[in-house]
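Peer 1: just the structure for this:
(one chain, ligands or ions: 1)
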Amino acid sequence: MLLLISPADVEEARDCAKASRHLDIVDVKKPDEGSLGANFPWVIREIRDIVPADKPVSATVGDVPYKPGTVAQAALGAVVSGATYIKVGLFGCTTPDQAVTVMRAVVRAVKDYRPDALVVASGYADAHRVGCVNPLAVPDIAGRSGCDAAMLDTAIKDGTRLFDHVPPDLCAEFVRRAHDTGRLAALAGSVRAEDLGTLTAIGTDIVGVRGAVCERGDRTTGRIQPHLVAAFRAEMDRHSREQAAVPAGN
Ligand SMILES: O=C[C@H](O)COP(=O)(O)O
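Peer 2: The predicted structure follows:
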């Protein structure tokens, strides 16, 4: 399982760079503009320069409206700025067909410019609270639109967590569906170290966190701490070892 960490600004990205051997992907976002809030192109560029070259930089394009042209253009801005994981939050899409239309446009915009960039379709575990597309529809949306990964995060950061909205058996179904369409499965949403056993066991490919590696576990007033990134990674590695020791079929 890969570890994606979301700094909110350049300073936090420097702390991610200090902890870079413990993480896999640095994800640029702007939390004060929403769960998948988009940051400025110059911030993505600066963070790309700070993070070691062997670590991919991801960027969120926002909690986007159903406006395929607008979103495709924003996604192009993210990849031109140096991100190679482009994450789109399908906030304004109420049907799978709308989401496929948006994501097809994003895939074309991104891959025409940089074919090796990965496009991530992100739904929301708490979609029922914001009226967007069902979380379990996201793997099929990713498959139909040519995205590389299907992801879930939470839309409302009020202390409720991924498993509060999509319990582990449905997260396992999400991962199965993503893998059936040949996509990566990424899960996030106030994930804590105690969730890592389940996330590992169900075959999650990427876990995304912010709050869990901030001081006091607070994604808003806390700052990312390199030692918390290291501790989180150590827990991930422990669970991977334990999972590898489980006899096949169990
Ligand atoms: O992409 C991952 C998100 O930044 C998760 O943030 P969070 O762990 O604070 O919910």
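Peer 1: need phi/psi at the most centrally placed residue in the chain.
Peer 2: The centroid of the chain falls nearest to residue 208 when counting by Cα atoms, centre = their mean (5.1 Å). As for residue 208, its main-chain torsions (degrees, to the nearest 10) stand at phi -110, psi 130.
Peer 1: give the contact list for it.
Peer 2: 4, 5, 6, 27, 151, 153, 186, 187, 188, 191 (Cβ atoms under 8 Å, 6 or more residues apart in numbering). Backbone N, C-alpha and C define where each C-beta goes, glycine included.
Peer 1: surely the fourth one meets residue 86?
Peer 2: No - with the criterion set as Cβ atoms under 8 Å, residue 27 and residue 86 do not qualify as a contacting pair; they are 10.7 Å apart.
Peer 1: anything in contact with each of these two?
Peer 2: Overlap of the contact sets of residue 27 and residue 86 (by Cβ under 8 Å, 6+ apart) consists of 58, 59.
Peer 1: got the residues of the chain near the ligand?
Peer 2: 4, 6, 27, 153, 157, 188-191, 208-212, 219 (Cβ under 6 Å from any ligand atom).
Peer 1: so which of those residues sit within strands?
Peer 2: With DSSP state E as the criterion, strands contain 4, 27, 153, 188, 208, 209 from among the residues of the chain next to the ligand.
Peer 1: any chance of those residues in TSV, with pLDDT and distance to residue 38 too?
Peer 2: Output for these, formatted as TSV (pLDDT from 0 to 100; distance: Cβ to Cβ, whole Å):
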residue	pLDDT	distance to residue 38
4	98	16
27	98	12
153	98	14
188	98	16
208	98	16
209	97	19
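Peer 1: buried members of those into PyMOL, please.
Peer 2: To isolate the buried ones among these in PyMOL, judged by 16 or more other Cβ atoms under 10 Å, type:
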select buried, resi 4+27+153+188+208+209
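Peer 1: between the ones in strands among the residues of the chain next to the ligand, which is nearest residue 11?
Peer 2: residue 27 (15.5 Å; Cβ to Cβ).
Peer 1: quick one: contacts for that closest one?
Peer 2: Applying Cβ under 8 Å, 6+ apart, the residues near residue 27 are 4, 5, 6, 7, 57, 58, 59, 60, 85, 87, 208.
Peer 1: now these as CSV including distance to residue 134?
Peer 2: Below are these laid out as CSV (distance: Cβ to Cβ, whole Å):
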residue, distance to residue 134
4, 23
5, 28
6, 24
7, 30
57, 30
58, 24
59, 25
60, 21
85, 24
87, 19
208, 20
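Peer 1: all helices of this structure, in order?
Peer 2: 10-18, 41-50, 68-80, 96-113, 127-130, 138-145, 162-165, 168-180, 196-201, 226-245 (DSSP state H).
Peer 1: off-centre distance for the longest one?
Peer 2: The one in question is helix 226-245. 19 Å (Cα atoms, centre = their mean, to the nearest Å).
Peer 1: now it: mean pLDDT?
Peer 2: In this model, helix 226-245 has an average pLDDT of 96.
Peer 1: that one packs against which elements?
Peer 2: strand 2-5, helix 10-18, helix 196-201 (3 or more Cβ pairs under 8 Å, 6 or more residues apart in numbering; DSSP states H and E).
Peer 1: okay then, goodbye and thanks.
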